[in-house]
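A.B. asks: Here is my input; please provide its structure:
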Amino acid sequence: MKLPWRRNKRFRAIVPALTLALVGAVAPVASAAPAAGPRAESRGAQSVGQDPRDGASLSEAEAAQARSAVVAQANAQSGPDSGWNDYSCKPSAKHPRPVVLVHGTLGNSVDNWLGLAPYLVARGYCVFSLDYGQLPGVPLFYGLGPVADSAKQLSRFVDKVIAATGSSKVDLVGHSQGGMMPRHYLKFLGGAAKVNHLVGIAPTNHGTSLSGLTKLLDYFPGARDLIDTNAPGLTDQAVGSDFLKRLNEGGDTVPGVGYTVIATKYDLVATPYTTGFLNGPNVRNVVLQDLCAVDLSGHVLAAMADRLVFHETANALDPANAKPTNCLSLA
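C.D. replies: So this is what the prediction gives:
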């Protein structure tokens with residue numbers, strides 16, 4: 001079986017464009033974030049499915065072998081010695097709920113959280129992260145499968161964390177798709193009984209135009225169906241998708257769960273940035289630049305390396321001890 005992007009020229013042309021849009025701020029992140037995670041180092045600038053030595057296409061077996069090696073490295077980096085994904089961790093009286101981190105499209109459980117996970121662990125939280133939404137034959141990248149299926153994976157992971165920690169509820173912190181997808185879990189899969197608070201960092205709650213890129217698909221007959229077939233996690237997030245219509249029908253929130261949205265005006269992926277906002281009595285929508293006007297973080301940098309975002313996330317998780325977030329909130 002050939003990989004989808006190898007058997008269809010139009011798919012090969014469209015997906016790189018969407019990928020660039022989704023990870024648009026990678027270059028600034030590389031200099032601002034902690035040392036690159038294992039997946040970031042595994043391929044560099046090479047395309048998935050290409051051998052970096054000579055540009056030859058990898059076989060499926062070779063791709064699977066590469067992925068296995070990367071996953072092993074990732075598990076080691078996010079294991080107990082790192083302080084997060086430690087299943088022996090027991091929540092304290094000060095922080096009684098474990099925190100589950102939910103990466104975004106094309107992200108993973110390690111690289112997405114090299115900044116925030118240690119930040120929360122240092123403050124006494126039990127922190128866990130998962131991978132979700134992998135498609136068959138697509139190594140290294142996650143968050144591409146149907147969002148409803150990804151929500152089922154999140155449901156199973158939350159149950160695992162609750163069983164390990166003995167806590168009755170968790171708090172969720174998600175980036176991009178990871179800030180939106182948990183809402184399906186809360187609304188349709190019984191998650192409201194197991195979640196206290198959801199923090200969405202640059203979430204795609206009401207869809208994204210990808211700065212107009214998804215509109216471009218309308219000019220290519222069959223292109224949208226092609227993406228839907230091969231990467232439904234992308235089209236599920238497009239403005240007006242059937243998935244989002246169902247998710248947002250009848251209200252953005254569910255009773256009993258608190259919501260915080262942290263958006264940035266410089267987001268070129270979840271566009272316009274205001275589509276991330278939620279409506280409801282238990283919601284706080286925050287614009288990063290209202291806290292610090294000179295913060296220029298975009299979609300990726302906000303979640304991976306912005307200490308003001310980390311500070312505001314900690315405030316949302318522990319509102320009783322919250323401190324105002326401003327340009328000096330670096331600790």
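A.B. asks: CA atoms for contacts and neighbours, from now on please.
C.D. replies: Noted.
A.B. asks: I'd like to know which elements the helix or strand harbouring residue 128 is packed against.
C.D. replies: Using DSSP states H and E, residue 128 sits in strand 127-130. Using 3 or more CA pairs under 8 Å, 6 or more residues apart in numbering; DSSP states H and E as the contact test, the elements touching strand 127-130 are strand 99-102, helix 116-122, helix 147-165.
A.B. asks: quick one: buried residues of the longest one?
C.D. replies: It stands for helix 147-165. Using 16 or more other CA atoms under 10 Å as the test for burial, helix 147-165 gives 147-155, 157-158, 161-162, 165.
A.B. asks: next one: the second one
C.D. replies: Of the residues in helix 116-122, those buried under the neighbour-count criterion (16+ other CA under 10 Å) are 116, 117, 118, 119, 120, 121.
A.B. asks: and those, which two are the farthest apart?
C.D. replies: Between any two of these, the greatest separation by CA to CA is 8.6 Å, found for 116 and 121.
A.B. asks: And the strands in the stretch 51-200 of the chain?
C.D. replies: Counting by DSSP state E, counting those that start in this stretch, the stretch 51-200 of the chain has strands at residues 99-102, 127-130, 170-175, 195-201.
A.B. asks: Poorly predicted segments of this protein, please.
C.D. replies: The model of the chain has pLDDT under 70 over residues 1-82, 212-217, 219-220, 223-224, 226-228, 331.
A.B. asks: what do you get if the cut-off is 90, keeping everything else the same?
C.D. replies: By pLDDT under 90, the weakly predicted segments of the chain are 1-83, 106, 135-141, 209-231, 330-331.
A.B. asks: Look up how far residue 325 lies from the residue nearest to residue 327 when sequence neighbours are not counted.
C.D. replies: Nearest residue to residue 327 in three dimensions, chain neighbours excluded: residue 292, at 4.9 Å (CA to CA, 6 or more residues apart in numbering). For residue 292, the distance to residue 325 equals 8 Å [CA to CA, to the nearest Å].
A.B. asks: Those two - which one has more neighbours?
C.D. replies: Remark: of residue 292 and residue 325, residue 325 carries more neighbours, 20 against 15, as counted by other CA atoms under 10 Å.
A.B. asks: correct me, but the more buried one touches residue 310?
C.D. replies: No - judged on CA atoms under 8 Å, residue 325 makes no contact with residue 310 at a distance of 9.7 Å.
A.B. asks: give me every residue that touches residue 257.
C.D. replies: Residue 257 is in contact with 192, 195, 196, 197, 198, 282, counting by CA atoms under 8 Å, 6 or more residues apart in numbering.
A.B. asks: Mind checking the strands of the stretch 51-200 of the chain for the one nearest to residue 137?
C.D. replies: strand 127-130 (19.4 Å).
A.B. asks: Just checking: what are the partner strands of the closest one?
C.D. replies: Looking at strand 127-130 with DSSP bridges, its partner strands are strand 99-102 (parallel).
A.B. asks: which residues are contacting the partner strand?
C.D. replies: Residues from elsewhere that reach strand 99-102 (CA under 8 Å, 6+ apart): 109, 113, 117, 125-131, 158, 170-175, 178-179.
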